[in-house]
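K.L.:
Here is a sequence together with a model predicted from it:
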Amino acid sequence: RIPTQIYSNSQLASVAVAKEIADLIKTRQQEGRHVVLGLATGSTPIKVYKELIRLHKEEGLSFSNVYSFNLDEYYPMKANSTQSYVHFMKEQLFDHVDIPKENYFIPDGSLKQEDIAEFCKEYDNNIAALGGIDLQLLGIGGNGHIGFNEPGSLQNTKTRLITLDHSTRASAAGDFSGISRVPKKAITMGVSNIMNAHRVILMAWGEGKSRIVREAVEGPISDQVPASYLQQHSNTTFVIDEPCANELT
Ligand code: F6R
């Protein structure tokens, strides 16, 4: 069973997660070392990023020693499109803190198809060259995906091009004014990239995620619920709000 931390609301939970991230960044600064974060997009981490921005602006938290790798990007997707995860990360975090531009990495949705495999290999090599991911932030899809590792993703998967599930594209329809405009593919870090992180924090808010969170935490480990692989990760916590904890036994 995966350890859970249950907060009365997502604001309190997000402040606690931001504090853990900030503490790690500060500890590494004191040791003169960098830190590697794995970051997620979507609605779930927005309040964490807001709190990190507040800690930067009001409490002097510096991101000068931070490297980050985002989980995923739609394909095809131009970086300057408002729906891109590059745009999301700049708007929600990077443009408001002092992380050096050359320190953050997001899968490139504008590549030619034949260049993707090489790019993905390099993405994984860059993570390894920096010593691996210290702390990986995750959301969870209604179908149990982590990153865009949709049901069926195997445990040894690395960064790669995948086909999005219909349910994932349906969830994104609002951002693209219609499901037909949602890209059919994405580049995502693999399950093994996530499992190799030293620390994993998966966040989920609201009753809508309670069923899939129960399956991930208590159900059988299965490629049909990729988040259930985290039962085999020794330093994972699910940080959830009370409505999301509803169905846990
Ligand atoms: C985003 C990602 C996805 C989302 C998940 C939940 O980078 O990798 O796995 O975390 O789809 O999305 P939200 O937070 O919008 O409910």
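P.N.:
Nice, thanks for sending it over.

K.L.:
just the strands in this structure please.
P.N.:
Listed in chain order, the strands of the chain (DSSP state E) span 4-7, 35-39, 66-70, 72-75, 104-105, 135-138, 160-163, 185-188, 199-204, 236-241.

K.L.:
How far off centre is the fourth one?
P.N.:
Spelled out, it's strand 72-75. 12 Å (CA atoms, centre = their mean, to the nearest Å).

K.L.:
Now do the buried residues in it.
P.N.:
Buried residues in strand 72-75, counting neighbours by 16 or more other CB atoms under 10 Å, are found at 72-75. Yep, even glycine has a C-beta here, placed from its N, CA and C like the rest.

K.L.:
Dump the strands of the chain to TSV, plus distance to Leu111 and mean pLDDT.
P.N.:
As requested, those are exported to TSV (distance: least, CB to CB, whole Å; pLDDT from 0 to 100):
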stretch	distance to Leu111	mean pLDDT
strand 4-7	38	98
strand 35-39	20	99
strand 66-70	15	99
strand 72-75	8	98
strand 104-105	14	98
strand 135-138	24	99
strand 160-163	9	98
strand 185-188	8	98
strand 199-204	28	99
strand 236-241	31	98
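
K.L.:
Quick check: which of the ones you listed is nearest to Ser14?
P.N.:
strand 199-204 (7.5 Å; CB to CB).

K.L.:
Spatially central residue in the chain, please.
P.N.:
Nearest to the mean C-alpha position of the chain, by CA atoms, centre = their mean, lies Ala40 at 2.6 Å.

K.L.:
got the contact list for that residue?
P.N.:
70-71, 137-139, 147 (CB atoms under 8 Å, 6 or more residues apart in numbering).

K.L.:
Excluding covalently adjacent residues, which one is nearest to whichever residue of the chain sits closest to the ligand?
P.N.:
Nearest to the ligand in the chain, going by CB to the nearest ligand atom, is Gly139, at a distance of 2.4 Å. On the basis of CB to CB, 6 or more residues apart in numbering, the spatially nearest residue to Gly139 that is not a chain neighbour turns out to be Thr44, at 3.7 Å.

K.L.:
For the one you found, grab phi and psi.
P.N.:
phi -60, psi -50 (degrees, to the nearest 10).

K.L.:
If anything else comes up later, I'll come back, but that's it for now.
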